[in-house]
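Enquirer: my questions concern the predicted model and sequence given below.
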Amino acid sequence: MWLAADIMPEGSASKKRGCMKNWTNVTRMVAVTALVAGGLVGTGTAAQAAPTNCNSSTLANGYWVFCGSGSGEYRAAITCWYNNGASSRNRFGPWRLAGALPSEVSCTSSEELGGYWIEKRG
């Protein structure tokens, strides 16, 4: 790639500015490339750590989850309502390694299943 500054006489003010502008652009390009590459590497590492291939189902008054691949851990989580729906509490199944055992959690007999979700960690 050539710039208009490359065809100007040596030592002219325009040629010097063109050279400086070219180095500034190169510096910016290198910095942006480093930031983008660093961001992609960081994102890839975090995505590889999460359990994947997860299946789940509600139980009579609870929730069951199994993640068959990936690394890291997962667990079943639920919200249980009590006092005729006036109050709620969250309950959690045990943390499990991906590909190992299912995580299961239930509300007590005096509670009612509200919501449910999967929690994952590194």
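Expert: On my side now, so go ahead. Numbering: from 1, shown residues only.

Enquirer: ranges for the strands of this protein?
Expert: 51-58, 62-70, 73-82, 87-92, 96-97, 103-106, 112-121 (DSSP state E).

Enquirer: break this protein into its domains for me.
Expert: In terms of domains, the chain is parsed into 4-48, 51-121 (source: automatic domain parsing).

Enquirer: hmm, Ile78 and Arg89 touching each other?
Expert: No. In this structure, Arg89 is not within contact of Ile78 by CB atoms under 8 Å, at 9.4 Å. Placement of C-beta: from N, CA and C, glycine included.

Enquirer: more neighbours: which of the two?
Expert: Counted by other CB atoms under 10 Å, Arg89 and Ile78 do not tie: Ile78 has more neighbours, with 24 against 13.

Enquirer: that one bridge partners, please.
Expert: In this entry, Ile78 is beta-bridged to Arg91, Tyr116, by DSSP bridges.

Enquirer: does it really touch Tyr63, like I thought?
Expert: Yes. Between Ile78 and Tyr63 there is a contact at 4.9 Å, judged by CB under 8 Å.

Enquirer: which residues do those two both contact?
Expert: Contact criterion CB atoms under 8 Å, 6 or more residues apart in numbering; residues shared by Ile78 and Tyr63: 105-106, 113, 116.
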